[in-house]
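Trainee: build me a model:
(one chain, ligands or ions: 1)
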Amino acid sequence: MKKYAKYLFPIFLFSTNAYAKEDISFGKLANGQEAFLYTLKNNKNTEIKITNYGGIVTSIILPDKKGNISDIVLGFDNLQEYVKNSPYFGSIVGRYGNRIAKGVFHLNGKTYKLATNNGVNHLHGGKVGFDKVIWNAKKFESKEGKGLELNYTSKDGEEGYPGNLKINVKYVLTDNNELKIYYQANTDKTTIINPTNHSYFNLFGSGDILSNKLMINANYYTPIDSVSITTGKLEKVAGTPFDFRKPKYIGKNINDKNTQLSYGKGYDHNFVLNGKIGKLKLAATVTESKSGRKMEMYTTEPGLQFYSGNFLDGSFKGKNEQVYKNRYGFCLEAQHYPDSPNKPSFPTTVLKPNQTYKQLTIYKFGLM
Ligand code: BGC
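Mentor: A predicted model of the protein is given here:
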């Protein structure tokens, strides 16, 4: 402790953040802004690290059935790699997670043109989304557990979105082994919002995710076109590779001959969750038998993007020298349906100045 005291002192003086000795600098951006890495621990030996750059969950360390620990999320060892080129590993994405066709939408008779960064489409908030900015961060303890509170103000016009939007995200690690993510946002002009967390999970901790067993609580999904824009239709999962109503290996049907799977190069689709919007409900469960690990996911959101890591191609060298090959991680992103601003029949993503956006998503870890 003594050794570090001289470094901690100035940080403490010039910041309102509550630092613990395990909360360390994560490096600096080109513009001089410093990112920090915060650690949350609970009484189940779970340890989660989060940086205020992009609100990225950089690691989730969990024991398996024998008590051996592994990191069950993909990511990098240092800030530079995240800045250089990350496929949204662990980050908070927004304002609008997922795609908006051609980056265009209409609101109150006005046409808004967003940054396009995925071919002709807008993806995950644009060129500099919530995943690429420094958030104000503060650790806290509540009766639920230990947490990190993040705040960011997205300026009117940022990436083309209307309104100054203030967003607050609280990560809480409970002694029940849940990672709770609370989102809250307000705007001063009518806008759209659809934030999510983009963690890539691998319950074994390495290798491909095809033998992770997945259940998704959805009778319908939203089919896409050849550039991954939703068609506006809901399709029954019954009788298709998208039927995860009973637990099934991710690999079971992933290579079936199917137009939807070919558009996504695997699973990259939004599922219409059974249950009510705004009510917390079971969205998915995942189990992995070699480690015995289990994850349950709950959300207040109406949709869930299941992305099977189809664009991972071995070009990312992640933590501990791991090369992330095709399908080495999967994402379960709580969200509204993709391209909702252009699909009047989908639940609305509009936020008005007199309203507060709220979301709660929970990833609960355990053993089978
Ligand atoms: C999208 C994928 C995209 C990936 C980026 C996912 O949420 O659905 O299409 O390639 O994010 O890493």
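
Trainee: who is the nearest residue to S211 once chain neighbours are set aside paired with across the strands?
Mentor: Ranked by C-beta to C-beta, 6 or more residues apart in numbering and with sequence neighbours excluded, the top spatial neighbour of S211 is Y249, at 5.7 Å. Glycine gets a C-beta too; all of them are placed from N, C-alpha and C. Beta-bridge pairing of Y249 under DSSP bridges involves K213.

Trainee: Y249 and L210 touch, don't they?
Mentor: Yes. Using C-beta atoms under 8 Å, Y249 is in contact with L210, at 6.4 Å.

Trainee: nearest to the ligand: which residue in this protein?
Mentor: Closest approach of the chain to the ligand (C-beta to the nearest ligand atom) occurs at P87, with a separation of 3.5 Å.

Trainee: give me phi/psi at E158?
Mentor: Main-chain torsions, E158, degrees, to the nearest 10: phi -60, psi 120.

Trainee: next, count neighbours for it.
Mentor: 21 (other C-beta atoms under 10 Å).

Trainee: did I read that right, the residue of the chain closest to the ligand in a strand?
Mentor: No. Per DSSP: H, G, I helix; E, B strand; the rest coil, P87 lies outside any strand segment and is coil.

Trainee: show the contacting residues for it.
Mentor: Neighbouring residues of P87 by C-beta atoms under 8 Å, 6 or more residues apart in numbering: Y200, F311, L312, F316.

Trainee: would you mind listing what in the stretch 201-350 of the chain touches the ligand?
Mentor: Proximity of the stretch 201-350 of the chain to the ligand (C-beta under 6 Å from any ligand atom) is limited to residues S228, D268, Q305, Y307, F311, C331, E333.

Trainee: same thing but at 5 Å, please
Mentor: By C-beta under 5 Å from any ligand atom, the residues of the stretch 201-350 of the chain that approach the ligand are D268, Y307, F311.

Trainee: was I right to think the first one contacts Y307?
Mentor: Yes. Taking contact to mean C-beta under 8 Å, the distance of 4.9 Å between D268 and Y307 places them in contact.

Trainee: give the contact list for H269.
Mentor: So H269 contacts Y221, T222, P223, I224, F242, Q260, Q305, F306 (C-beta under 8 Å, 6+ apart).

Trainee: check A101 too.
Mentor: N121, I229, D339, N342.

Trainee: pLDDT weak spots in the protein?
Mentor: For the chain, the stretches flagged by pLDDT under 70 are 1-22.

Trainee: okay, which residue is most central for it?
Mentor: N197 (1.6 Å; C-alpha atoms, centre = their mean).

Trainee: thinking again about what came up before, show the buried residues in the residues of the stretch 201-350 of the chain next to the ligand.
Mentor: Taking 16 or more other C-beta atoms under 10 Å as the criterion, what is buried in these is D268, Y307.

Trainee: possible to save the residues of the stretch 201-350 of the chain next to the ligand as JSON lines with secondary structure?
Mentor: Shown next, in JSON lines, are those (three-state DSSP):
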{"residue": "D268", "secondary structure": "strand"}
{"residue": "Y307", "secondary structure": "strand"}
{"residue": "F311", "secondary structure": "coil"}
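
Trainee: of the residues of the stretch 201-350 of the chain next to the ligand, closest to D64?
Mentor: Among those, Y307 lies closest to D64 (C-beta to C-beta), at 24.4 Å.

Trainee: surely the closest one meets K265?
Mentor: No. Taking contacts as C-beta under 8 Å, Y307 lies outside contact range of K265: 10.2 Å.

Trainee: F244: neighbouring residues, count only.
Mentor: 23.

Trainee: could you do F140 as well?
Mentor: When neighbours are counted by other C-beta under 10 Å, F140 comes out with 12.

Trainee: for it, which non-adjacent residue is spatially closest?
Mentor: G147 (5.1 Å).

Trainee: which is the next helix or strand following the host helix or strand of that neighbour?
Mentor: Assigned by DSSP states H and E, G147 falls within strand 146-154. Downstream of strand 146-154, the next assigned helix or strand under DSSP H and E is strand 165-173.

Trainee: buried ones in that next one, by neighbour count?
Mentor: Applying 16+ other C-beta under 10 Å to strand 165-173 flags L165, I167, N168, V169, K170, Y171, V172, L173 as buried.

Trainee: now swap in stretch 62-70 and tell me
Mentor: L62, P63, D64, S70.

Trainee: just the residues you listed: which are in strands?
Mentor: L62, P63, S70 (DSSP state E).

Trainee: now those in JSON lines, with distance to I254?
Mentor: Formatted as JSON lines, these follow (distance: C-beta to C-beta, whole Å):
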{"residue": "L62", "distance to I254": "25"}
{"residue": "P63", "distance to I254": "29"}
{"residue": "S70", "distance to I254": "23"}
